[in-house]
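**Q** Give me coordinates for this.
(2 chains)
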Amino acid sequence: KAGVTQTPRYLIKTRGQQVTLSCSPISGHRSVSWYQQTPGQGLQFLFEYFSETQRNKGNFPGRFSGRQFSNSRSEMNVSTLELGDSALYLCASSPRTDGNTIYFGEGSWLTVV
Amino acid sequence: GDSVTQMEGPVTLSEEAFLTINCTYTATGYPSLFWYVQYPGEGLQLLLKATKADDKGSNKGFEATYRKETTSFHLEKGSVQVSDSAVYFCALILNTGNQFYFGTGTSLTVIP
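**A** Predicted coordinates for the structure are as follows:
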């Protein structure tokens, strides 16, 4: 059974540009969550989607957005990139919303220059 | 609010030494507790978890017991190996959703 797949794995963007990251959850999983990991702030929750609806959102500016498609695949978008957005972005999927059976992807490494 | 506090690193141990990484939590509800491990350049791997008080999670020689009275979930291993070198994250999740609250991570280096 394939795991959580994130694409692209590595990317470099210029300040002011926008970026879209993709996450394909494990087959049958309807919940997808996103996290940002930086050396200074650690792991911070961005948002969670379940059945195409955003269930929860972390404390990030509006430049960070996401969506989930009917096949449960999810994308997150960051507009007007800043140097501080350089981070590892992790996606996690789960079949339920009860806080159990959660699997993480390998992450997408974003560098903003 | 809900949060996790874990021991600051980095931690350096000799092979076969005993490991303890402290983790305490604050939660408004009844959380499940987790330890995740991250190897260089990789994502998060679940190491162990416990879903209720007095549960003990264990995996690969690592153990942690959910202590409600002390709001703790300390990670222990009796004899570490070089291959255990990684960053360890303590985390909690409330059973009302899938949002993790992570600690800041503890970097462990095991030297031969």
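
**Q** CA only for contacts and neighbour counts going forward, please
**A** Fine.

**Q** Would you mark the buried spots in stretch B:97-111?
**A** Buried residues in stretch B:97-111, counted by 16 or more other Cα atoms under 10 Å in any protein chain shown: B:97-110.

**Q** Please narrow those residues to those residing in helices.
**A** Judged by DSSP state H, helices contain none of the buried residues of stretch B:97-111.

**Q** Go back to these and keep what's next to chain A.
**A** Applying Cα under 8 Å from any Cα of the partner chain to these, one finds that B:97, B:98, B:99, B:100, B:101, B:102, B:103, B:104, B:105 fall near chain A.

**Q** thinking again about what came up before, now the two most distant members of the buried residues of stretch B:97-111.
**A** Greatest spatial distance among these (Cα to Cα): B:97 and B:110, at 35.6 Å.

**Q** Look up how far chain B lies from the spatially most central residue of chain A.
**A** Residue closest to the mean C-alpha point of chain A, counted by Cα atoms, centre = their mean, is residue A:34 at 3.4 Å. Using Cα to the nearest Cα, to the nearest Å, one gets 9 Å for the distance from residue A:34 to chain B.

**Q** Can you get me a residue count around the nearest residue to that residue once chain neighbours are set aside?
**A** Leaving aside its sequence neighbours, residue A:34 sits nearest to residue A:91 (Cα to Cα, 6 or more residues apart in numbering or on different chains; 4.6 Å). For residue A:91, the neighbour count with other Cα atoms under 10 Å in any protein chain shown is 32.

**Q** average pLDDT across the helix or strand encompassing the residue nearest to the centre of chain A?
**A** Applying DSSP states H and E as the criterion places residue A:34 in strand A:31-38. Computed over strand A:31-38, the mean pLDDT rounds to 95.

**Q** what does that strand rub up against?
**A** For strand A:31-38, the surrounding residues in contact (Cα atoms under 8 Å, 6 or more residues apart in numbering or on different chains) are A:25, A:42-51, A:72-74, A:86-97, B:98-99.

**Q** Output that strand in PDB with nothing but the alpha carbons.
**A** Extracted C-alpha coordinates of strand A:31-38, given in PDB (Å, rounded to 0.1, in the frame of the first residue of the first chain):
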ATOM      1  CA  SER A  31      -8.200  13.600   6.200                       C
ATOM      2  CA  VAL A  32      -5.200  15.500   5.100                       C
ATOM      3  CA  SER A  33      -3.200  17.900   7.400                       C
ATOM      4  CA  TRP A  34      -0.300  20.200   6.600                       C
ATOM      5  CA  TYR A  35       2.600  21.300   8.900                       C
ATOM      6  CA  GLN A  36       5.400  23.700   8.500                       C
ATOM      7  CA  GLN A  37       8.800  22.800  10.000                       C
ATOM      8  CA  THR A  38      11.500  25.400  10.500                       C
END
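
**Q** Go through the next helix or strand after it and flag the buried ones.
**A** Proceeding N to C from strand A:31-38, the next assigned helix or strand is strand A:42-50, under DSSP H and E. If you call a residue buried by 16+ other Cα under 10 Å, then strand A:42-50 has these buried ones: A:43, A:44, A:45, A:46, A:47, A:48, A:49, A:50.

**Q** Reformat those residues as JSON lines; add pLDDT and distance to chain B.
**A** As requested, the buried residues of strand A:42-50 are exported to JSON lines (pLDDT from 0 to 100; distance: Cα to the nearest Cα, whole Å):
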{"residue": "A:43", "pLDDT": "93", "distance to chain B": "6"}
{"residue": "A:44", "pLDDT": "95", "distance to chain B": "8"}
{"residue": "A:45", "pLDDT": "95", "distance to chain B": "7"}
{"residue": "A:46", "pLDDT": "97", "distance to chain B": "9"}
{"residue": "A:47", "pLDDT": "94", "distance to chain B": "8"}
{"residue": "A:48", "pLDDT": "94", "distance to chain B": "7"}
{"residue": "A:49", "pLDDT": "95", "distance to chain B": "10"}
{"residue": "A:50", "pLDDT": "93", "distance to chain B": "10"}
